[in-house]
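[1] Below are the sequence and a predicted model; questions follow.
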Amino acid sequence: MEWTGARYADKPNVEVPIWIAAPPERVWELISDVELMPSLSSELQSVEWLDGRTGPALGARFVGRNKHEAFGEWATTSHIVEYEPLRVFAWAVADPRFPSAVWRFTLEPRDGGTMLRQWMQMGPGRSGLSVAIDRMPEKEQKIVFVRMREFESNIATTLDAIRKLAEEPGKARG
């Protein structure tokens, strides 16, 4: 990720692609299983469906518990805002109309496998990062840049773990 000088209000975003030698059905199975994600992430510790849900659907909500060396531990409620099986799975963190972040997976059949992209946008709603910016407003651009680089690295790690699971022979879930 290159320096952009973005501020939080700019709603900075990052997208990381990966090609997976597995059909979209297999990849979808993994990316739409939010309860699997903590095992693939260094920051996300656990996920729990709300409102009696046991799986994803448009409007469904889940709580994610996170841990970060610099920010401590926190929980957020996410709302599924896009849900097109085998194509798009996205959720907004906190208020879906003014989210602190939006996360999205997109899948595209390609070359006998799947092109998977994970995208995230910071803001526009306040987040834990807003507290750090409030304390050091003169460092806002650096704070945003460092966190976006961290997101980019973490996304790449998660996507590689998804690729390995998807490509593992005979390990279809369900």
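    Arrived safely, thanks for sending.
[2] In this protein, where is pLDDT below threshold?
    170-174 (pLDDT under 70).
[3] Helices along that one, start to end?
    Taking DSSP state H to define them, one finds helices in the chain at 24-31, 128-135, 140-167.
[4] which other helices and strands contact the first one?
    Applying 3 or more C-beta pairs under 8 Å, 6 or more residues apart in numbering; DSSP states H and E, one finds that helix 24-31 contacts strand 101-110, strand 113-122, helix 140-167. The way it works is simple: take the backbone N, C-alpha and C, and place the C-beta from them, glycine included.
[5] quick one: the first one to chain centroid distance?
    Here strand 101-110 is found 10 Å from its chain centre; the criterion is C-alpha atoms, centre = their mean, to the nearest Å.
[6] What are the buried residues along that strand?
    Neighbour counts over strand 101-110 (16 or more other C-beta atoms under 10 Å) mark 101-107 as buried.
[7] quick check, nearest of the residues you listed to residue 128?
    Using C-beta to C-beta, residue 101 is the member of these that lies nearest residue 128, at 10.3 Å.
[8] Quick check: chain neighbours aside, which residue is closest to that closest one?
    Leaving out its chain neighbours, the residue that sits closest to residue 101 by C-beta to C-beta, 6 or more residues apart in numbering is residue 93, at 4.4 Å.
[9] ditto for residue 156
    That would be residue 16: by C-beta to C-beta, 6+ apart, it lies 5.2 Å from residue 156.
[10] show me what contacts the one you found?
    Contacts for residue 16 were tallied using C-beta atoms under 8 Å, 6 or more residues apart in numbering; they are 117-119, 152, 155-156, 159.
[11] Mind giving me the PyMOL select for the residues you listed, buried ones only?
    Remark: buried members of the contacts of residue 16, expressed as a PyMOL selection using 16+ other C-beta under 10 Å:
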select buried, resi 118+119+152+155+159
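[12] Can you tell me which of the contacts of residue 16 comes closest to residue 8?
    Nearest to residue 8 among the contacts of residue 16 is residue 152, at 16.6 Å by C-beta to C-beta.
[13] If anything else comes up later, I'll come back, but that's it for now.
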